[in-house]
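Chemist: Build me a model:
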Amino acid sequence: MNKNLAVAAMALAVAAGSLVATPAAAQFAKAEDAIDYRQSAFTVMANHMGRLSAMAKGEKPFDAASAKASAQLIQTMSKLPWEAFTPGSDGGFSNVKGDPWKNADDFKSLQEKLMAETAKLPDAVGSLDGLRKQLGATGSACKACHDKYRAQ
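Modeler: You can find the predicted model right below:
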C-alpha cells in the first residue's frame, strides 16, 4: 500500500512540475492569441495611466484613493505582457517594430525599467506632487520602449 502511495505521489509531483515548467509560448495556441493578450494588458495600463494623467493635469480632481487603485493596477499589469512576446507574434495587428527578439537584452532592460517605475507609483500617488513626478518617470519608461519597439 505504501509503495502505491509513493508511486502516486511521484506521478502527481511530476505532473505538477510539468505544468509549472510549461513555456509561455505553449500558453498561446496562435500568434493572434499572444498579440491579443499583450495588447489587452497594455490597453488596461493605458486606461489607468490616462486616469492618473487627467488628475496630474487638473482635468479631473485629485483623489488619492482612486489614484492609488489605478497605480496598483498599473503596477500589476506591467508584469503581464512580456510573456506574450513570443516568436512569430510580430505580424497582423501586433504594432511591433524593430526586432525585440533579436534585441532581447535591450528589450528586457526596457521591460525591467518599466516595472521598476510602475512599482514606485502606488507609494508616490499619495500627493498630487508625488503623482506628477512619478507619472512622468513612468511615462518616460513607457515611451522608451514605444520609441524602439512600437509601430505607431
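
Chemist: shouldn't Cys145 be in contact with Leu114?
Modeler: Yes: counting by CB atoms under 8 Å, Cys145 does reach Leu114; the two are 6.5 Å apart. For every residue, glycine as well, the C-beta is placed using N, CA and C.

Chemist: Comparing those two, which residue is more hemmed in?
Modeler: Remark: of Cys145 and Leu114, Leu114 carries more neighbours, 22 against 17, as counted by other CB atoms under 10 Å.

Chemist: Can you name the residues in contact with the host helix or strand of that one?
Modeler: Under the criterion of DSSP states H and E, Leu114 resides in helix 104-124. By CB atoms under 8 Å, 6 or more residues apart in numbering, the list of residues contacting helix 104-124 from outside reads 52, 68, 71-72, 74-75, 78-79, 82, 85, 100-101, 130-131, 133-135, 137-138, 140-142, 144-145, 148-149.

Chemist: how far does that helix sit from the chain's center?
Modeler: Centre-to-centre, helix 104-124 and its host chain are 9 Å apart (CA atoms, centre = their mean, to the nearest Å).

Chemist: Which positions in stretch 116-130 come out as buried?
Modeler: For stretch 116-130, the neighbour count (16 or more other CB atoms under 10 Å) marks Glu117, Thr118, Lys120, Leu121, Pro122, Ala124, Val125, Gly130 as buried.

Chemist: next one: the lengthiest helix in the chain to chain centre, how far?
Modeler: With secondary structure taken from DSSP state H, the chain has its longest helix at helix 31-56. Centroid displacement of helix 31-56 relative to its chain, using CA atoms, centre = their mean, is 9 Å.

Chemist: and what of stretch 134-146?
Modeler: Remark: stretch 134-146 is offset 13 Å from the chain centroid, using CA atoms, centre = their mean.
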